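Participant: I need the structure of the sequence given here:
(chains A and B)
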Amino acid sequence: MTTASITRAIWSLFRAVIVIGICFVILYPVFIKLSVAFMDEKDLYDSSVVYIPKNFTWQNFRVAWEGMDYTKTFVSTFTLSFLTSVIQLFACLLTAYGFARFKFPGKNLLFGCVILTLIVPPQIIMLPLFMHFRFFDFAGILEAVTGKPLNLIDTDAPFFLQAALTIGFKNGLYIYLLRQFFRGMPKELEEAAHVDGCNRFRTFLQIMLPSAVPMMVTVFLFGFVWQWTDSFFSGLYLPTKKVMASALSSLAASVSSSYSSSGGSLTFVSPGFTSMMNNTGVILIIVPLLVLYLISQKSFVEGIERSGIVG
Amino acid sequence: MKLFKKRNGKLRLTLRGKDALSGYLFILPFLLGFFGLFLPMILQSISFSFSNMEVGTDGYVLSKAANHGFEHYIRALTIDPDFNLSVLNSIRDMWSNVLLVIIFSFFAANLLNQKFHGRAIARSIFFFPVILTSGIILSIEQSDLLLSTMNSETAQNSSGISDFLNIAIFLSNYTSLPAGVISFLSEAVTGIYDIVIASGVQILVFLAGLQSISPSLYEASNMEGATGWENFWKITFPMISPLILVNALYTIIDSFTSAGNDVMSSIKTTIFTEVKYGFGSAMAWLYFLAIALILILVGGIISKKVFYYD
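Facilitator: Down below sits the predicted model:
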């Protein structure tokens, strides 16, 4: 054995210990949630039960599924999250490319404005935003035509509008990331395309976008995940429509009320039951994200390998 | 920069002018959103902070607050007992948090960029906190009674060996490090979960950056006989430096605006529970000014050292 191979063996052992340790730190709370989700309520009060449920049951999942109205909620949340994140991905790509590659008066000031949208906490502008979409109008045109402003509350339109105008949740971050990415790309390709008579927009679509795939997947994933679990904006714009966040936060209450209305004997909601419902609900919310995440993880790596040729 | 020139008596765009025009066209979504929606909202919120709001049945009426409108600001800074303290506290907590998150995520990204068995699985798990810490999931977890009692129970059970495992005691007994360093290190060890779950986005950003570095750079330097250590400092570190800036700024913003932040939650209760919209807005704006100042400071310092590959 040479010294080099010994060093390599020690390093890979060290690496394995660290990687497994960190994975454990991350996954431990999820394991607890899973074990609680499969427990019967009396297991919670039994001190001889640690991690492995004594009375294994699917009951929690069945109840939580019904309580969240899961199938319907899934479809509406998926549509909302998917469309919002696709729209905002393209709006942010255009903006980021504009900032990365073109010189125009006031560029630094405008980019400062992008950062401003990121650091202004959304709590500051939530009341003005609500009023804006409750009485939505475009320069008085709608009022002149239909007689009254449009009420966009309880529709998906506010989300799409915010996404298309790049002022949605954390869009400043996406613009910043994509701009950094475009700035790091060599200019020669675009110059070559330009010399060959390709216009700016086509250069962007056909030359830049294919190599930006890893960043695009990343931004899409963030947008989707944050929209999927968002309770701030969905609480503001969708007071009655059910999405994942609102379904989860009202899960325990709705389950116990449906029990008592169907003649059940559940008059007192125990904290253990509430907690079990919450844990099961969180798992139900995470699973679709996990699936999406594992799929895009693959294309993420593929995209990166393709960009290696360009970079 | 000349954008226009006269030719045949007509004003025409120069080449630079055309470039600038296409730049404006590309950022059009942002221009519309910022000047059409964001800025008016901000101005409205500022005007709230300078006035008292009376909410009636058919909308609200604004009247100018006392002291030339500065009433709420003066109250937040000089009368309110908690505001100054909690802002200073969140600034103090931010420094160690940002430093630890940046170091950890840079280390983790380098680790995940190497080739080893089960790398894909390890990557998926390292980014998992992005999902775990988002929106409703974190707030459900924080309010969950069962999980918190379970955690405190395990802490009690292990109290017998906790002295032995307590890194702060160990370090102060066996080394002569200054107290500040010891508390920083022990914070890093005991708060490892908080650091790890706050680093998901940053790891992803660093990893994407690491993978966009051309392998030909490493090939060339290996050919010249550079070691791995030299490669790291002469190639990886400069190439990744723009992303250190991004991550530092992002982590600062994240730690200031997260829902768990004391100042954020006190602003929220002031506005929605106590229904003092003017006072709450004034607090939010003061807090925002503090954040902006720190961001400009940090951004200015780091961007001096950043290297751009052009």
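
Participant: could you use CA atoms for every contact and neighbour count after this?
Facilitator: Noted.

Participant: mind listing the helices for the stretch 1-150 of chain A?
Facilitator: A:3-37, A:41-44, A:59-68, A:70-101, A:107-119, A:126-134, A:141-146 (DSSP state H, counting those that start in this stretch).

Participant: show the average pLDDT along the fourth one.
Facilitator: For helix A:70-101, the mean pLDDT works out to 93.

Participant: near chain B, which residues of the stretch 151-300 of chain A are found?
Facilitator: Residues of the stretch 151-300 of chain A that fall close to chain B, judged by C-alpha under 8 Å from any C-alpha of the partner chain: A:162, A:164-167, A:173, A:176-177, A:180, A:183-187, A:200, A:214-215, A:218, A:222, A:225-226, A:229-232, A:245, A:248-249, A:271-272, A:275, A:278, A:282, A:286, A:289, A:293-294, A:297.

Participant: and A:F104, what pLDDT?
Facilitator: We note a pLDDT of 90 for A:F104 in this prediction.

Participant: setting the sequence-adjacent residues aside, check what's closest to it.
Facilitator: Using C-alpha to C-alpha, 6 or more residues apart in numbering or on different chains and skipping the chain neighbours, the partner closest in space to A:F104 is B:A20 (4.4 Å).

Participant: burial of that neighbour, as a residue count?
Facilitator: For B:A20, the neighbour count with other C-alpha atoms under 10 Å in any protein chain shown is 20.

Participant: next one: A:F24
Facilitator: Residues lying near A:F24 (other C-alpha under 10 Å) number 14.

Participant: for B:P215, same thing?
Facilitator: Count around B:P215 with other C-alpha under 10 Å applied: 12.

Participant: and if you look at A:T71?
Facilitator: There are 10 residues near A:T71, going by other C-alpha under 10 Å.

Participant: residues in contact with it?
Facilitator: Applying C-alpha atoms under 8 Å, 6 or more residues apart in numbering or on different chains to A:T71 gives no contacts.

Participant: check the gap between it and A:V243 for me.
Facilitator: Note on A:T71: its distance to A:V243, by C-alpha to C-alpha, to the nearest Å, is 11 Å.

Participant: A:T218 now?
Facilitator: 23 Å.

Participant: look at the two and report which has more neighbours.
Facilitator: Remark: of A:T218 and A:V243, A:V243 carries more neighbours, 28 against 22, as counted by other C-alpha under 10 Å.

Participant: what does the stretch 1-150 of chain B put close to chain A?
Facilitator: Proximity of the stretch 1-150 of chain B to chain A, by C-alpha under 8 Å from any C-alpha, involves residues B:16, B:19-34, B:38, B:41-42, B:44-45, B:111, B:122, B:124-126, B:128-132, B:134-137, B:140, B:144-146.

Participant: related to what we said a few turns ago, nearest to B:I103, out of the helices of the stretch 1-150 of chain A?
Facilitator: Set against B:I103 and scored by C-alpha to C-alpha, the helices of the stretch 1-150 of chain A come closest in helix A:3-37, at 14.5 Å.

Participant: just checking, A:D43 touches A:K54?
Facilitator: Yes - look at A:D43 against A:K54 with C-alpha atoms under 8 Å: they come within range, at 6.5 Å.

Participant: higher neighbour count, these two?
Facilitator: The residue with more neighbours, out of A:D43 and A:K54, is A:D43; 19 against 16, by other C-alpha under 10 Å.

Participant: now do the more buried one against chain B, distance only.
Facilitator: 12 Å (C-alpha to the nearest C-alpha, to the nearest Å).

Participant: now do the same contact list for that residue.
Facilitator: The contact partners of A:D43, by C-alpha under 8 Å, 6+ apart, come to A:49, A:53-55.

Participant: run the chain-centre distance for stretch B:176-190.
Facilitator: 23 Å (C-alpha atoms, centre = their mean, to the nearest Å).

Participant: swap in stretch B:40-60?
Facilitator: Relative to its chain's centre, stretch B:40-60 lies at 29 Å (C-alpha atoms, centre = their mean).

Participant: and the residue nearest to the spatial centre of chain A, what does it touch?
Facilitator: Compute the mean C-alpha point of chain A, and by C-alpha atoms, centre = their mean the closest residue is A:V225, 1.7 Å away. Shown in contact with A:V225 (C-alpha under 8 Å, 6+ apart): A:81, A:289, B:131, B:134.

Participant: looking at those residues, spot the one nearest A:L236.
Facilitator: Nearest to A:L236 out of the contacts of A:V225 is A:S81 (C-alpha to C-alpha; 15.8 Å).

Participant: got the contact list for the closest one?
Facilitator: Applying C-alpha under 8 Å, 6+ apart, the residues contacting A:S81 are A:223-225, A:227-228.

Participant: dump these to JSON lines, plus secondary structure and distance to B:N222.
Facilitator: Shown next, in JSON lines, are the contacts of A:S81 (DSSP: H, G, I helix; E, B strand; the rest coil; distance: C-alpha to C-alpha, whole Å):
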{"residue": "A:G223", "secondary structure": "helix", "distance to B:N222": "39"}
{"residue": "A:F224", "secondary structure": "helix", "distance to B:N222": "41"}
{"residue": "A:V225", "secondary structure": "helix", "distance to B:N222": "40"}
{"residue": "A:Q227", "secondary structure": "helix", "distance to B:N222": "45"}
{"residue": "A:W228", "secondary structure": "helix", "distance to B:N222": "45"}
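
Participant: pick out the most distant pair among those residues.
Facilitator: So, the contacts of A:S81 by C-alpha to C-alpha: farthest apart are A:G223 and A:W228, at 8.4 Å.

Participant: quick one: which of these two has more around it?
Facilitator: Using other C-alpha under 10 Å, the more surrounded residue of A:G223 and A:W228 is A:W228, with 28 against 25.

Participant: quick one: the nearest residue to the more buried one once chain neighbours are set aside from chain B, how far?
Facilitator: Nearest residue to A:W228, sequence neighbours excluded (C-alpha to C-alpha, 6+ apart): A:S81, at 5.8 Å. For A:S81, the distance to chain B (C-alpha to the nearest C-alpha) stands at 13 Å.

Participant: how near is A:S81 to A:P122?
Facilitator: In this structure, A:S81 and A:P122 are 19 Å apart, going by C-alpha to C-alpha.

Participant: OK, contacts around residue 23?
Facilitator: Chain wasn't specified; assuming chain A. Neighbour list for A:C23: B:122, B:125-126 [criterion: C-alpha under 8 Å, 6+ apart].

Participant: that's the other chain; I wanted chain B
Facilitator: By C-alpha under 8 Å, 6+ apart, the contact list for B:G23 reads A:98-99, A:101-104.

Participant: go again with 6 Å.
Facilitator: With contact set as C-alpha atoms under 6 Å, 6 or more residues apart in numbering or on different chains, B:G23 has these partners: A:98, A:102.
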